[in-house]
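Q: Need the 3D shape of this:
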Amino acid sequence: MRAAGSVSSAEQNRALGLSTVAFTACFAVWTIFSIIGVEIKKELGLNEFQFGLLIATPVLTGSVIRLILGVWTERWGGRLVFTLQMLAAAAATLVLTWATTYTGYLLAALGVGLAGGSFIIGVAYVSRWYPADRQGTALGIFGAGNVGAAVTKFLAPFVMVAMGWRGVAEVWAAGLAIMAVVFLLFAKDDPQLAERRARGIKAPSLAEQFAPLMKVQVWRFSLYYFFVFGAFMALALWLPHYLIDVYSVDVRTAGMAAAMFSLSASIFRAYGGHLSDRFGARTVLYWTFGFSMILLFMLSYPPSDYIIHGRDGAITFSTSMGLWPFVVTLFALGFFMSLGKAAVYKHIPVYYPQNVGAVGGLVGMIGGLGGFVLPIVFGALLDVTGVYTSCFMLLFALVAMALAWMHLSIRAMERRAIGQALDTLPELPEMAEIHVPGKTVMPRVIDDWQPEDPSFWGATGKRIAHRNLWLSIPALTLAFSVWMVWSMVVAKLPAVGFNFTPDQLFWLAALPSLSGATLRIFYGFMVPIFGGRLWTTVSTASLLIPAMGIGYAVQNPETPYLVFLILALLCGLGGGNFASSMANIGYFFPKAEKGHALALNAGLGNLGVSLMQFLVPLVITAGVFGAVGGGAQTVTEGGQLWLQNAGFVWVPFILVSTIAAWLGMNDLADARASFAQQAVIFGRAHNWIMCVLYIGTFGSFIGFSAAFPLLCKLTFPDINVLQYVFLGPLVGALARAGTGWVSDRFGGGRVTFWVFAGMILATLGVIWARHTMSFPAYFASFIALFFFTGVGNASTFQMIPVIMGREVPRLMPKLAGVDMSRQIAMESAGIVAFSSAIGAYGGFFIPKAYGTAIALTGTPGAALWAFLGFYVLCLIVTWAVYTRPGGLLHDIERGRAAKIAQPA
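A: I've put the predicted structure just below:
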């Protein structure tokens, strides 16, 4: 290949200059709605959400198309792709002037968004002309084409005053078409493409280009760019509207002020590339995120009035930010964002020189999607909160998350490189004089863990494993309590004045399970990446968000339904914890005790549902927290409730459990694995079969737990069922905790088969009792269902390590010894976590199935018959795959084969 360093400086300057001007023109078109959108809003009478969607739509196209354009650029070269992209965007901008309806504007805006795809074309094209030590500066100069946003904000208001907003679109379309022709005539193919064609080498395949996208690092870069570029785009679109509303300026002044931000967030990108080449991209990102947090805190603080009751009377003062301090602060924020944009893209050609198009396309797409999603969220936040600075509050949280992930990743990398040296350091510098390595510091990471060795297990392993188990259990119990607390809150909302329909209430009851199940998919992979101790601490602390949010939201009947939807989704943070907790504890115990340990962790964790359903009805009847917790709500039927206590009651326990996890738990070095290593489970057929079976057991348990209170109340309205419903989850949780040994002794497959047989009979009992309106039979049948789901939860998880102990040696015969044991443990833990995620979707579909059945037929009977059919299917699958003569577990569970294939 022709090296970039052998290209003349004149050729480099030509490529860089033409690309930068073309990108500037594209960016000016891409942000055109930030100015003309204001007039369209007035013309059509749009509300805040419709306006946010309109100005964000071009960003959606420009973001999604980046991944495709990046791949095309790798294949056909930047000269051709850049030209065609500019011509298409120019045509779409001209078509915009013919639109007359809101739908027409949205469709035209999708076409205008093609202009945003230019960035990744230029990155892939320009990087080919420069050696690695100069790519940061070159890409920084090219990226300064973001200044096109400032060009639009400076010039478009004046053109719009003279020619109307359609005149702006016509002029911008003509300019972009001219630039496309200029680029086609004067640009040249990049040196690598020219060399490849000369030698007849085929372009890289899609599989080769997309291979790096499996790396977590690429997605971390994407989050960085979601802030530095996505937030920049969002603010560039949002600020004119913000300035007009908040500071009552005209469109020209708003455009000029917003252009100052766009200017600083663009022209300093070249300087950011230079700094990245000189000091390193990581250092520049630390500057970017750190200063951005400070500036966004200043911008997010709303105008406020304060009254301090002093000795001599009231002392009053106000805080607010004037127009020009606001503009100066934005200018500073834009400066650091521009440095960050250059720093992110400095990484890509260095780490992925052969995949700049695909990797840069993904990072650019995620970043661009920020420009689409964030304006919509800005509008929704403004509608919900009524606080204009809520947009900056959201960005503050976003940059804090990016900084935390970057720092934790760097620390993890440092520990992998010099972890042994770090472990010899004292906890604090002041402890250096009394520090004795290995004695005065509790080891957080255990490098040598051999639970299958009887001497190791008896001497040290058992004690450490049980300590981690008994610290994990209360954390998981609290997670389940917060996850399912919404089911009790929802049942009481109508009584305290919230006028939600039954279908809306079922949605609220179902959403925590939906989000919890989805989060489990990701949580299950976190322990091998971050370590069980850190992830248990962070995930437990995150429960404070929904717990406190519930406490404040339920106190005002005017709280919008959207807020309750968000809180319901946040309750899913508790559901996600199960996957990481089970994966973590599974690593600590030997195979002979794994079933019992996982049953204890899960069963006593599941007990949180029953604990919540028992405790919440008690604490909401009294002002437990006094004035701090807020006043009581008047019940429509008479009396008072402190419904906020349903959330507040968990806060002190969450704090204690978080601290205990951080101080008392351990990480296992053997449990560390990348996402790519864990992703092997997606190719295992038994992973998907166990997901189906776990939907039948745990999905039923959590789904019935979520819907049981509301379903009983609707079916038997004259009975005070809320004082009994906690018994169902209690029985299910205790059955799981107490029957793990049964599966260890007789085999999880056989137990699972009889579990589904019992669930079929219990479901028939529920159907019969509902028809006869016999509450005792109805309640007893549901208790039986809960019991069988608990036993099945334990038995299915006992099956997984046994299955993989048989399958991994067959599928990976080259592994041996410790490597085989680690692979079996990693795949078993991964399947446990992933199946727990898929199974948890039952907590969403069961309440929704009830709600849909009631809406369509007036009764939940159709849903019960559907559940019965599914249990029959699970029974057949368990027998056919695992327990029949010749099935995978038949001989193992009858002692005719080694229970776990031992590595050689």
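Q: Tell me how many other residues crowd L711.
A: Neighbours of L711 under the rule other C-beta atoms under 10 Å: 25. C-beta coordinates here come from the backbone N, C-alpha and C atoms, glycine included.
Q: hang on, it is in a strand, isn't it?
A: No. Under DSSP: H, G, I helix; E, B strand; the rest coil, L711 falls outside any strand and is assigned helix.
Q: That one and S781: what is the separation?
A: Going from L711 to S781 by C-beta to C-beta, to the nearest Å gives 13 Å.
Q: And for W172?
A: Taking C-beta to C-beta, one finds W172 at 68 Å from S781.
Q: and stretch 478-494, average pLDDT?
A: Averaging pLDDT along stretch 478-494 gives 80.
Q: nope, stretch 162-169 is what I was after
A: The average pLDDT within stretch 162-169 is 85.
Q: Same check on stretch 238-252?
A: 84.
Q: Give me the residues contacting stretch 337-345.
A: Taking contacts as C-beta atoms under 8 Å, 6 or more residues apart in numbering, the residues outside stretch 337-345 that touch it are 123, 136, 139-140, 143-144, 146, 221, 224-225, 227-229, 231-232, 264-273, 275-276, 281-282, 284-285, 287-289, 292, 360, 363.
Q: and if we set it to 7 Å?
A: 123, 136, 139-140, 143, 221, 224-225, 228-229, 232, 264-266, 268-269, 272-273, 275-276, 281, 284-285, 287-288, 292, 360, 363 (C-beta atoms under 7 Å, 6 or more residues apart in numbering).
Q: Same drill for W172 and S781, tell me which one is more crowded.
A: W172 (29 against 21).
Q: Give me the distance between I892 and G586.
A: I892 is 19 Å from G586, by C-beta to C-beta.
Q: can you list contacts of stretch 450-465?
A: Here stretch 450-465 has contacts from F588, F589, P590, N666, S821, using C-beta under 7 Å, 6+ apart.
Q: Tell me, how many residues neighbour the closest residue to the fourth one other than its chain neighbours?
A: Excluding the flanking residues, the one nearest N666 by C-beta to C-beta, 6 or more residues apart in numbering is I446, at 5.4 Å. Burial measure for I446: 16 neighbouring residues, criterion other C-beta under 10 Å.
Q: Might one say that I446 is in contact with M665?
A: No. Counting by C-beta atoms under 7 Å, I446 does not reach M665; the two are 10.8 Å apart.
Q: Now for A265: which residues touch it?
A: N146, F232, G334, M337, S338.
Q: any idea which of those is the one closest to R416?
A: The shortest approach to R416 among the contacts of A265 belongs to M337, at 30.7 Å (C-beta to C-beta).
Q: any idea how far the helix or strand harbouring that closest one is from the chain center?
A: For M337, the host element (DSSP states H and E) is helix 323-351. Counting by C-alpha atoms, centre = their mean, to the nearest Å, helix 323-351 is centred 24 Å from the centre of its parent chain.
Q: Tell me which other helices or strands the helix or strand following it touches.
A: Per DSSP H and E, the first helix or strand lying C-terminal to helix 323-351 is helix 356-385. Secondary-structure packing of helix 356-385 (3 or more C-beta pairs under 7 Å, 6 or more residues apart in numbering; DSSP states H and E): helix 48-76, helix 118-127, helix 206-210, helix 216-225, helix 232-247, helix 323-351, helix 390-423.
Q: hang on, the earlier thing: for the residue nearest to N666, give me the pLDDT.
A: For I446, the model assigns a pLDDT of 71.
Q: what does E208 give?
A: 58.
Q: one step back: looking at the helices and strands packed on helix 356-385, which is buried most?
A: For the helices and strands packed on helix 356-385, the largest average neighbour count (mean count of other C-beta atoms under 10 Å) is found in helix 118-127, namely a mean of 29.
Q: Tell me which residues of the helix or strand following that one come out buried.
A: Of the helices and strands lying after helix 118-127 in sequence (DSSP H and E), the nearest is helix 132-143. For helix 132-143, the neighbour count (16 or more other C-beta atoms under 10 Å) marks R134, Q135, G136, T137, A138, L139, G140, I141, F142, G143 as buried.
Q: May I see those residues organised as JSON lines, with pLDDT added?
A: Shown next, in JSON lines, are the buried residues of helix 132-143 (pLDDT from 0 to 100):
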{"residue": "R134", "pLDDT": "74"}
{"residue": "Q135", "pLDDT": "70"}
{"residue": "G136", "pLDDT": "69"}
{"residue": "T137", "pLDDT": "76"}
{"residue": "A138", "pLDDT": "79"}
{"residue": "L139", "pLDDT": "74"}
{"residue": "G140", "pLDDT": "73"}
{"residue": "I141", "pLDDT": "80"}
{"residue": "F142", "pLDDT": "79"}
{"residue": "G143", "pLDDT": "72"}
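Q: so which of those would you say is closest to A177?
A: Relative to A177, and with distances defined as C-beta to C-beta, the nearest of the buried residues of helix 132-143 is F142, at 21.2 Å.
Q: in terms of contact, does that closest one touch T24 like I think?
A: No. The criterion here is C-beta under 7 Å, and F142 misses it with T24 at 9.7 Å.
Q: in a helix, that's where F498 is, yeah?
A: No. In this structure, F498 is coil, not part of a helix, as judged by three-state DSSP.
Q: Could you pull up the residues touching it?
A: Taking C-beta under 7 Å, 6+ apart, one finds P557 in contact with F498.
Q: For it, what are phi and psi?
A: Here is the backbone geometry of F498 (degrees, to the nearest 10): phi -90, psi 120.
Q: what secondary structure does the nearest residue to D305 once chain neighbours are set aside sit in?
A: Nearest residue to D305 in three dimensions, chain neighbours excluded: S318, at 4.9 Å (C-beta to C-beta, 6+ apart). S318 falls in the strand class when you classify it by three-state DSSP.
Q: now swap in I308 and tell me
A: Applying three-state DSSP: I308 is strand.
Q: For it, give me the pLDDT.
A: 80.
Q: What of the one 3 residues further on?
A: Reported pLDDT at R311 in the predicted model: 75.
Q: Could I get the buried residue list for the helix ranked longest in the chain?
A: Counting by DSSP state H, the longest helix found in the chain is helix 148-186. For helix 148-186, burial by neighbour count (16+ other C-beta under 10 Å) applies to 148-157, 159-160, 165-170, 172-173, 175-177, 179-180, 182-183.
Q: what residue is smack in the middle of the protein?
A: Nearest to the mean C-alpha position of the chain, by C-alpha atoms, centre = their mean, lies L519 at 7.1 Å.
Q: I892 and G586 - which one has more neighbours?
A: Using other C-beta under 10 Å as the criterion, I892 and G586 rank with G586 on top: 24 against 21.
Q: Report the angle between the helix or strand where that one lies and helix 356-385.
A: Counting by DSSP H and E, the element that carries G586 is helix 561-588. For helix 561-588 against helix 356-385, the angle by axes from the mean of the first three to the mean of the last three C-alpha atoms, to 10 degrees is 130 degrees.
Q: quick one, the next helix or strand after helix 561-588 and helix 561-588 angle?
A: Next helix or strand after helix 561-588 toward the C-terminus (DSSP H and E): helix 591-619. Angle of helix 591-619 versus helix 561-588, following the same axes, to 10 degrees, is 150 degrees.
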